[in-house]
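# Sequence and computational prediction follow.
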Amino acid sequence: MNQNNIVVLKSKLTVYTVCYQEAKRTKDLKRMILLAPIISDLQNEIGILEE
């Protein structure tokens, strides 16, 4: 995958992380549960692509 795709994935990760932090701040467990696996998948995919 090219560098642009990694940048897009990192951008998505940033957005989802901010949403997760906001959900945590407001104690919105439903949103936290939905966002956690997405964030984890993005981190894994970025890690694989950067190897």
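Good, I have the coordinates.
# Chain neighbours aside, what residue packs nearest to Ala23?
Arg31 (3.8 Å; CB to CB, 6 or more residues apart in numbering). C-beta: built from backbone N, CA, C; applies to glycine.
# Please read the previous query as pertaining to Cys19.
The shortest distance from Cys19 to any non-neighbouring residue, by CB to CB, 6+ apart, is to Leu35 (5.8 Å).
# Name the helix or strand for that neighbour, please.
Under the criterion of DSSP states H and E, Leu35 resides in helix 29-50.
# For that helix, name the packing helices and strands.
Counting contacts by 3 or more CB pairs under 8 Å, 6 or more residues apart in numbering; DSSP states H and E, helix 29-50 is packed against helix 3-25.
# For the helix it packs on, name the packing helices and strands.
Helix 3-25 sits against helix 29-50, with contacts defined as 3+ CB pairs under 8 Å, 6+ apart.
# Could you tell me the angle between the helix it packs on and helix 3-25?
160 degrees (axes from the mean of the first three to the mean of the last three CA atoms, to 10 degrees).
# What residues sit buried inside helix 29-50?
For helix 29-50, the neighbour count (16 or more other CB atoms under 10 Å) marks Met32, Leu35, Ile39, Leu42, Glu45 as buried.
# now swap in stretch 16-33 and tell me
Neighbour-count burial for stretch 16-33 [16+ other CB under 10 Å]: Tyr16, Cys19, Tyr20, Ala23, Met32.
# Give me the distance between the two termini of that stretch.
Distance across stretch 16-33, first residue to last, is 12 Å (CA to CA, to the nearest Å).
# Offset the numbering so it begins at 46, please.
In the new count, where the first residue is 46, that last one comes out as stretch 61-78.
# Contacts for it, please.
Identification of contacts with stretch 61-78 by CB atoms under 8 Å, 6 or more residues apart in numbering yields Leu80, Ala81, Ile83, Ile84, Leu87.
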